[in-house]
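>>> Mind folding the following:
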Amino acid sequence: MLELAILGFLAEGPLPGHELRRKVSQLIGYTRPVSDGSLYPAINRLARAGLLVRQADPRAGAARFVLSLTEAGHTDMLERLRTPADHEITDFTRFFALLAFLSKLPDVSEQHAVLRRRLAFLEEPAGFFYDGGRPLRAEEVDDPYRRGVLLTARAVSRAERAWLREVLGEEPLENDPAPGEADEPTARTTTGDAA
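All right, here's what the predicted structure looks like:
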């Protein structure tokens, strides 16, 4: 996720390290803080792999660098977007980072293939709380806080699935089942693989 964010932002143009850190932190830092101890080793790995280059910033002196994406870095970023790992589809924060750069894929059918994977994941039965092997619906949970988890997940999942169908040009489903809904099995939520 961190490497994709670095490559994605550099695909938009060269950036000094502190500006790249700010952009990455704004994208993913609200759920997973981005420290210098994680960002700069990731930058160094990408530089060693030839995916980005670091050059002295002539405006700021030799101590500051500007980072730029190489052709190999652009190719690598496109491949990461085209064929994300399963955990990048199922974990909301990782998917959010992927989604932020998905428009960089020039082929809309490839963009849609990624979105269809996410939609298929969201439509698989799952839940947070179970009675034996059966996921519980919000209406079956007495604890108000657990019910809150299920009701919130229901709303978020329904909204994301509706948006995905809209982008994919699919008709919305009537009575779209959502997590914790009565008479429907729970579905996966946008917070990750709850099962």
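>>> What does F129 show for phi and psi?
Per-residue torsions, F129: phi -130, psi 140 (degrees, to the nearest 10).
>>> Also the one 10 residues further on?
In terms of degrees, to the nearest 10, the main-chain angles of E139 are phi -70, psi -10.
>>> Please work out the average pLDDT along the helix or strand hosting L99.
Using DSSP states H and E, L99 sits in helix 92-101. Averaged over helix 92-101, pLDDT sits at 92.
>>> After it, which helix or strand is next? Please name it.
helix 108-122.
>>> State the mean pLDDT of that following helix.
The average pLDDT within helix 108-122 is 96.
>>> Domains in this protein, by residue range?
Per automatic domain parsing, the domain ranges recorded for the chain read 2-78, 107-168.
>>> Among these, which comes closest to F101?
Among the domains of the chain, the nearest to F101 by C-beta to C-beta is domain 2-78 (3.6 Å). Backbone N, C-alpha and C define where each C-beta goes, glycine included.
>>> So for that closest one, first residue to last residue, what's the gap.
The first and last residues of domain 2-78 sit 15 Å apart, counting by C-alpha to C-alpha, to the nearest Å.
>>> SS state for D76?
helix (DSSP: H, G, I helix; E, B strand; the rest coil).
>>> how many other residues sit next to it?
Residues near D76, counting by other C-beta atoms under 10 Å, number 20.
>>> CA atoms of stretch 139-151 as PDB?
Output of stretch 139-151 as PDB, limited to C-alpha atoms (Å, rounded to 0.1, in the frame of the first residue of the first chain):
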ATOM      1  CA  GLU A 139     -31.700  -7.500  14.500                       C
ATOM      2  CA  GLU A 140     -30.500 -10.700  16.300                       C
ATOM      3  CA  VAL A 141     -27.900  -8.900  18.400                       C
ATOM      4  CA  ASP A 142     -28.900  -7.600  21.800                       C
ATOM      5  CA  ASP A 143     -25.700  -5.700  22.600                       C
ATOM      6  CA  PRO A 144     -26.300  -2.100  21.300                       C
ATOM      7  CA  TYR A 145     -22.600  -1.600  20.400                       C
ATOM      8  CA  ARG A 146     -22.300  -4.800  18.400                       C
ATOM      9  CA  ARG A 147     -25.600  -3.900  16.700                       C
ATOM     10  CA  GLY A 148     -24.000  -0.600  15.900                       C
ATOM     11  CA  VAL A 149     -21.100  -2.400  14.300                       C
ATOM     12  CA  LEU A 150     -23.500  -4.300  12.100                       C
ATOM     13  CA  LEU A 151     -25.700  -1.400  11.200                       C
END
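>>> Can you point out the buried residues in it?
For stretch 139-151, burial by neighbour count (16 or more other C-beta atoms under 10 Å) applies to 141, 147, 149-151.
>>> Start and end of stretch 97-111, how far apart?
With C-alpha to C-alpha as the measure, stretch 97-111 spans 14 Å from end to end.
>>> can you list contacts of it?
Identification of contacts with stretch 97-111 by C-beta atoms under 8 Å, 6 or more residues apart in numbering yields 1, 4-5, 7-8, 11, 27-28, 77-78, 80-82, 84, 88-89, 114-115.
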